[in-house]
Every structure is written in structure tokens, then in C-alpha cells.
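Visitor: no sequence on this one, just coordinates:
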């Protein structure tokens with residue numbers, strides 16, 4: 001019999017309309033961001049071309065002076081940000097030009113016998129007067145033994161040393177010697193093990209295991225990992241600007257000042273102009289390889305990102321690994337190498353001009369690289385073998401009874417000599433921690449205006465939009481296309497399955513057949529999100545790296561993912577509804593077709609967002625992609641079994657039927673059935689199949705929203721506990 005018309009439920013219509021409006025608004029916002037970036041890039045290219053033409057003309061007329069004008073020489077205005085006004089004697093001394101005088105004495109056959117006990121005592125006294133930016137004493141790290149009754153496993157024991165301003169320090173040692181452990185402790189990134197000892201950073205004494213130590217180091221230090229991580233679709237300019245904006249906030253003088261500084265930093269590390277607006281390159285989530293920067297350029301870009309955050313300390317972990325000797329030398333040599341479009345500034349020169357100190361973990365450098373360090377910290381089997389300036393190396397050889405080798409053999413011979421080292425009880429060590437200085441600098445950093453949360457969220461959101469969706473078409477259009485194709489194929493299979501002649505109510509058998517079609521549409525919403533697992537894992541690893549330097553909190557990342565996935569799922573649900581509903585005739589005859597369509601759209605959209613959030617939470621909690629697929633698929637199988645669509649609840653044993661209450665597919669399927677039959681005489685079938693709890697579309701959607709909120713909150717908590725295991 002024909003069904004009398006009834007009023008549609010308000011909540012599904014409001015939810016569907018709100019999601020649709022937000023999707024359209026966010027799509028417009030995305031298009032605005034894309035157009036704005038294109039206009040900015042075009043204007044920037046024009047400026048660079050004009051600047052290059054002007055530089056060429058100036059260089060032709062003024063000779064070498066043109067290089068300084070183009071590349072931010074010491075006298076140029078563009079260099080003022082990087083080449084700060086350092087008035088210390090070290091910055092203006094010869095060491096700022098020649099960084100290898102320490103090995104000059106060794107090269108000239110300097111006698112190790114000159115280093116007597118009185119010289120050691122004088123050095124100990126002198127240490128207390130030096131301007132140390134960081135010092136440490138008796139640093140140790142141990143791990144509990146897995147076997148009960150056995151002593152702890154010690155990986156680092158009683159290491160003492162210090163770093164001065166503008167120094168380039170090398171941490172050397174054989175594999176398993178403890179150099180990475182020492183680096184992790186000094187940089188505040190050590191998360192495992194029992195730590196002991198003392199540290200002093202910028203005039204503040206602290207314990208290495210304390211939270212205050214990690215917080216201070218996160219503010220004052222930058223870290224360049226061995227394996228740098230970037231979005232493959234991101235451009236070098238965007239990477240540097242991203243780090244600067246989140247660490248320093250927006251420049252009060254305008255965005256053009258920040259962009260000028262970003263270009264200046266890229267000039268200094270030698271990133272070619274043409275490569276700055278092109279993708280960095282790498283492996284996209286899913287395995288697609290995108291060509292971009294070379295290995296050496298990626299490492300120089302990581303260095304630019306670190307220096308752009310204006311640190312006082314910078315730690316570089318195996319920065320020369322994967323580079324040929326020429327690229328490694330470019331990193332550490334004193335001279336700048338100019339070309340037609342770039343200039344390369346060494347780490348050492350940046351340290352001197354920015355008044356910072358750099359610590360480099362390096363395994364076995366060439367002599368050409370090694371000779372440009374100021375200080376060496378050498379560890380072997382967890383013990384500090386040598387921690388001093390390079391001109392003190394002869395005393396080390398004298399202590400072990402070995403002759404100083406030829407200069408080109410020195411770096412490799414040091415590793416062999418370290419194995420013969422034994423503690424010298426006559427060698428005096430400082431009886432107290434060397435005091436560091438720089439409380440004013442630390443105070444200035446702590447008082448630095450933090451970027452507002454709105455700016456942090458907007459910065460992270462735009463980066464994800466551009467790199468995950470705009471520049472990665474397979475992650476947006478392919479997903480929308482797959483949802484539409486799936487809906488079309490299911491529409492062909494279940495063609496007009498819900499059509500009722502002359503507006504009659506569906507017969508029970510026809511309604512049950514329509515339920516089957518709806519169940520297939522519902523399970524699509526929970527199965528297709530699995531394609532995002534690789535993307536979520538990529539982002540999780542990137543977040544762990546960025547959170548260690550305090551760029552942004554976990555909730556900003558989670559909220560960004562939720563907003564973007566809600567946007568994408570709204571588009572997918574809109575396409576799915578626009579295709580499947582008319583092809584299958586999934587109309588509720590008791591309300592208007594427009595109200596029926598928006599109700600179905602809100603049901604599909606809510607189910608899809610919940611499915612994506614569950615996959616996001618599973619990815620965060622899982623230790624590998626394979627495990628996430630395993631756990632996620634097992635959950636979906638259980639949720640489908642307890643949805644009431646395959647086997648009605650009256651036929652399920654009561655002792656296990658309670659699992660239906662934790663199945664989000666149950667509520668999505670029930671919302672679909674009620675949106676199809678609510679207000680019709682056939683709705684009695686829902687009572688017979690026990691699909692009546694909750695008993696309308698609105699309540700089922702409310703439950704889905706509740707599940708979404710719980711999963712989102714759990715994602716934030718789980719992500720905030722994600723840390724690099726070091």
C-alpha cells in the first residue's frame with residue numbers, strides 16, 4: 001500500500017548539509033592555496049631571473065665583488081641574518097679563515113714530549129676560564145640485563161668533555177663504541193637506558209635524564225639525522241620555511257622577509273635555484289619513487305632546515321654517510337665554492353658566523369675532512385679515549401707509546417690506537433663540571449614568542465594538503481574514482497533493487513534484498529580506508545622525527561589528519577551516494593527524494609569517517625604496516641559478522657551477541673536500513689530482525705559520532721606517546 005508522507009529526521013539533514021558545505025568550502029580553500037602558491041612561485045622566479053641578470057652585469061663590471069653581492073657576502077644586507085654581528089675574538093681571528101691549525105703542529109712533526117703533567121694541569125685550569133656552550137661530566141648509560149642476577153649492560157661509562165662556541169666537534173669511534181649513544185644524550189634524544197652524570201648548557205646545570213634537560217635542548221639545539229626525512233612532493237623552500245615558521249613563528253615584518261631569509265639559507269648551503277621550487281624527491285607512501293634532489297643536496301637541505309631554526313647547538317649524525325669524498329669535504333671545508341647560480345658555505349663557517357657550535361658523529365673521515373675539526377671526542381667500547389682539541393692528539397699517542405703517523409693516515413690510525421688505550425691514573429681530570437655560559441642567550445630563546453596554535457595548525461594543514469592531496473593525485477582523485485567505480489559496479493549488480501511501483505512500500509522480501517545491497521555499500525566504507533595505512537605510517541614516522549625537536553604537538557597532527565580525511569570522505573560519500581542511490585533506487589518513499597538523498601549521504605559519510613579514523617588509530621598503535629593490515633582486517637571481519645546484515649541477531653547466540661554493541665558497521669548498517677524504511681509499513685521488519693537499537697537514523701548517527709570522537713581522542717593520546725626509540 002502507498003505510504004503516507006512523513007516528516008524527515010532533522011539531524012541527518014543538518015549533518016549532511018553541514019558536511020557538504022564544509023567540503024565545498026575546504027575545496028575552495030585548497031584551490032586558493034594552490035593558486036596562491038603558483039602566483040608566488042611565478043613572481044619569485046621573475047625576481048630571481050632579474051637578480052641573476054643584475055648579478056651577471058655587476059660581476060662583469062666589478063669582477064669578484066659580484067659574487068658577494070649575489071650570494072650574501074659578509075658585507076651584504078642579505079647576509080645579516082646568517083652572518084650575525086659576532087664581535088668575539090674567535091670570529092675575527094685567523095681561525096675563522098683557517099680551521100686546521102691544530103693539525104699543523106702534527107704535520108710539522110711537533111714533539112709529543114712537550115706535553116708534560118704541568119701542561120695538563122694548566123689545561124685543566126684553563127678549561128674553567130673558557131667560554132663553553134655545553135659541558136658534561138661522567139656521562140654514563142646502562143641497560144638492565146635480560147637475565148636476572150646479571151649486572152647491567154653498560155654502553156657508555158664516565159665520559160667527560162665540553163664544547164666551546166663556534167667549534168666544530170667530531171665524535172669518533174668504531175662500530176658499537178658508544179658514539180651514537182653519546183650524541184643522543186647530548187642532544188636530549190635518548191629515550192632508553194639508565195642515564196647518569198652531569199651536564200651544563202648555556203649556563204644551566206642539569207641532569208641528562210631530567211625532563212628539563214630535554215626541554216631546554218629541544219629549544220636551543222637542532223638535530224640533523226643520518227637519514228633525513230622530507231615529504232617527497234615538498235619543495236626545498238617549503239621545507240625550510242616550514243621549520244622556521246613552526247620554530248620561530250611568523251616574521252612580524254612580513255612574509256616576504258621570511259621568504260628572503262629562506263632563499264638566503266638555501267644560497268648558503270648550495271641548493272640550485274632551479275631546484276628550489278621542484279619536489280625534493282623520494283619514495284611516496286605506497287612505494288612510488290619520485291626523482292628530485294641528489295643525496296648531497298638532501299643533506300644540505302636538512303642542514304638548512306636546522307640552521308633556519310636559529311639554534312645555539314647543532315648535532316649532525318653521520319652527516320657525511322652516503323656522500324662521496326667531494327661532497328663530504330664541501331660540508332666541512334672552509335672555503336665557499338661559487339658557481340653561476342649557487343654558493344656553498346661550510347658547516348664550520350656557518351658556526352663561526354652564527355656563533356653556534358656543531359657536533360658531528362663521524363666514523364672514519366678522510367684526512368681532508370678530519371683536519372677541519374676543532375675538537376675531537378673519541379670513544380671506544382663505551383669509554384672516552386680522548387676528548388680535547390686536535391693539537392693535543394700527540395699527547396694521546398705519547399700516552400699509549402705509539403708514534404704519530406703520517407697526517408693522511410691519522411684518522412684511520414686513531415681508531416686502531418683507541419683499542420690500545422688504557423686509563424692513565426696520573427692524568428688529571430677536572431674535579432667539577434666545566435661551567436658553561438650563555439644564560440642571556442638561553443633567556444632570549446625561552447622568551448622567544450611561540451608560534452600561536454592557529455599558525456601551527458594552519459602550517460601543518462597546508463603542508464599535508466599540498467603534499468598528500470594536491471601533488472599526489474593518486475591519494476585524492478584515485479580514491480574518489482575508486483569509490484565512484486565501486487558504487488557504479490554495485491549499482492549494476494543491484495540495479496533498481498529498491499524500486500517500488502507507484503510509490504508503494506517495499507515488500508519484506510524486497511526490503512531484505514535492498515538490505516544486502518546496503519550492506520555491501522556499508523562495508524566499502526570500512527574496507528577502502530585500508531589504502532591509507534602506508535600514508536599514515538609515513539606521517540607517523542615523520543611526526544616522531546619532528547616532535548623530537550618540538551615543532552608541533554600531537555593533537556595538531558591528529559586534528560589535521562581528521563579534517564583532511566573528513567573532507568576526502570565527504571567527497572567520496574557524495575560521489576557514492578550520487579551514483580548508488582539512483583541506480584539501486586534506494587529512496588525512502590515516505591519522504592521527498594532530496595531529503596532521502598541527504599539522509600543517505602550523511603549515513604555514508606559518517607560511516608566512512610569512522611572507518612578512516614579506526615584505520616588511523618590502528619596505524620598509530622601498530623609497529624608495522626603488515627601488523628596494521630592484520631589487526632585492521634580482523635576487526636573488520638568481526639564488525640561485519642556482528643553487523644546483523646549477514647546473520648540476523650535473533651539467530652546469534654546470546655552469549656556472544658553482545659559484540660554487536662562495539663561494531664561500528666552495525667550502526668552504519670542500521671542507519672542505512674532506517675533511512676530506507678523509516679515511516680513506511682515495512683519498518684516492522686526492522687523490529688523482527690532486531691535492527692531497532694537505536695531505532696532511528698539520528699540515534700545511530702549519534703553513536704557513530706561518539707565512536708569517531710573516542711577513536712580520535714585515542715589517536716591523539718597514542719600519538720603523543722610515540723617517540724623515537726634511541
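Guide: Okay, I see it. Just so you know, these numbers come straight off a predicted model, no measurement behind them. Numbers count the residues shown, from 1 in each chain.
Visitor: just the pLDDT at residue 319, thanks.
Guide: On the pLDDT scale, residue 319 is placed at 73.
Visitor: repeat for residue 92
Guide: Predicted confidence (pLDDT) for residue 92: 35.
Visitor: host element of the spatially most central residue of the chain?
Guide: For the chain, the residue nearest the mean C-alpha position is residue 542 (2.8 Å; CA atoms, centre = their mean). Assessed by DSSP states H and E, residue 542 sits inside helix 533-547.
Visitor: pull out the buried positions in that helix.
Guide: The neighbour-count check on helix 533-547 (16 or more other CB atoms under 10 Å) flags 533, 534, 535, 536, 537, 538, 539, 540, 543, 546, 547 as buried. C-betas here are computed from N, CA, C, even on glycine.
Visitor: cool, stretch 21-40 as well?
Guide: 23, 26, 30, 37.
Visitor: how about residues contacting that stretch?
Guide: 462, 465, 466, 469, 470, 563, 566, 567, 570, 571, 574 (CB atoms under 8 Å, 6 or more residues apart in numbering).
Visitor: sec struct for the closest residue to the second one other than its chain neighbours, please.
Guide: Counting by CB to CB, 6 or more residues apart in numbering, residue 465 lies nearest to residue 30, which is 5.6 Å off, once chain neighbours are set aside. Of the three states, residue 30 takes helix under DSSP: H, G, I helix; E, B strand; the rest coil.
Visitor: per-residue pLDDT, residue 30?
Guide: pLDDT at residue 30 comes out at 91.
Visitor: circling back to that earlier point, chain center to the helix holding residue 542, what's the gap?
Guide: Chain-centre distance of helix 533-547: 6 Å, with CA atoms, centre = their mean, to the nearest Å.
Visitor: show me what that helix is packed against.
Guide: Where contact means 3 or more CB pairs under 8 Å, 6 or more residues apart in numbering; DSSP states H and E, helix 533-547 is packed against helix 554-584, helix 593-621, helix 625-641.
Visitor: just those: most buried one?
Guide: The highest mean neighbour count among the helices and strands packed on helix 533-547, using mean count of other CB atoms under 10 Å, belongs to helix 593-621: a mean of 25.
Visitor: do a quick rundown of the strands in this protein.
Guide: Assigned by DSSP state E, the strands in the chain fall at 132-143, 153-164, 168-172, 194-201, 204-206, 221-224, 282-283, 289-290, 313-317, 337-338, 343-344, 357-361, 375-380, 383-389.
Visitor: which other residues reach the last one?
Guide: Counting contacts by CB under 8 Å, 6+ apart, the residues outside strand 383-389 that touch it are 102, 123, 157-161, 173, 178, 374-379, 392-393, 395-396, 414, 418, 421, 423.
Visitor: on that earlier part again, wait, which of the strands of the chain is closest to residue 452?
Guide: Among those, the nearest to residue 452 by CB to CB is strand 221-224 (21.9 Å).
Visitor: check which residues of that closest one are buried.
Guide: Buried positions in strand 221-224, judged by neighbour count with 16+ other CB under 10 Å: 221, 222, 223, 224.
Visitor: from memory the second one sits against residue 316, does it?
Guide: No - with contacts defined as CB atoms under 8 Å, residue 222 does not count as touching residue 316, sitting 9.3 Å away.
Visitor: my read: residue 451 touches residue 244, true?
Guide: No - in this structure residue 451 lies outside contact range of residue 244 using CB under 8 Å: 10.0 Å.
Visitor: quick one: which of the two has more around it?
Guide: Taking neighbours as other CB atoms under 10 Å, residue 451 and residue 244 compare with residue 244 leading, 24 against 20.
Visitor: look up how far residue 380 lies from the closest residue in space to the more buried one that isn't next to it in sequence.
Guide: Computed as CB to CB, 6+ apart, the closest residue to residue 244 that is not its neighbour in sequence is residue 308, at 4.4 Å. From residue 308 over to residue 380 the distance is 35 Å, taken as CB to CB, to the nearest Å.
Visitor: ok, these two, which is more surrounded?
Guide: Comparing residue 308 with residue 380 by other CB under 10 Å, the one with more neighbours is residue 308, at 26 against 22.
Visitor: got a list of what the more buried one touches?
Guide: By CB under 8 Å, 6+ apart, the residues touching residue 308 are 240, 241, 243, 244, 247, 261, 262, 265.
Visitor: what about burial for those, which qualify?
Guide: Taking 16+ other CB under 10 Å as the criterion, what is buried in these is 240, 241, 243, 244, 247, 261, 262, 265.
Visitor: just checking, the residue nearest to the centre of the chain touches residue 228?
Guide: No - using CB under 8 Å, residue 542 makes no contact with residue 228, being 10.8 Å away.
Visitor: related to what we said a few turns ago, check contacts around the residue nearest to the centre of the chain.
Guide: Residues counted as contacts of residue 542 (CB under 8 Å, 6+ apart) are 229, 231.
Visitor: what's the answer for the one 4 residues further on, then?
Guide: Counting by CB under 8 Å, 6+ apart, residue 546 touches residue 552.
Visitor: so for it, what's the pLDDT?
Guide: Residue 546 is given a pLDDT of 83.
Visitor: and it, how far from residue 246?
Guide: From residue 546 to residue 246 the distance is 8 Å (CB to CB).
Visitor: got any residues that touch both of the two?
Guide: By CB under 8 Å, 6+ apart, residue 546 and residue 246 have these common neighbours: residue 552.
Visitor: how close does the residue nearest to residue 465 get to residue 564?
Guide: Distance from residue 30 to residue 564, counting by CB to CB: 10 Å.
Visitor: shaky segments in the stretch 1-150 of the chain?
Guide: 1-5, 48-130 (pLDDT under 70).
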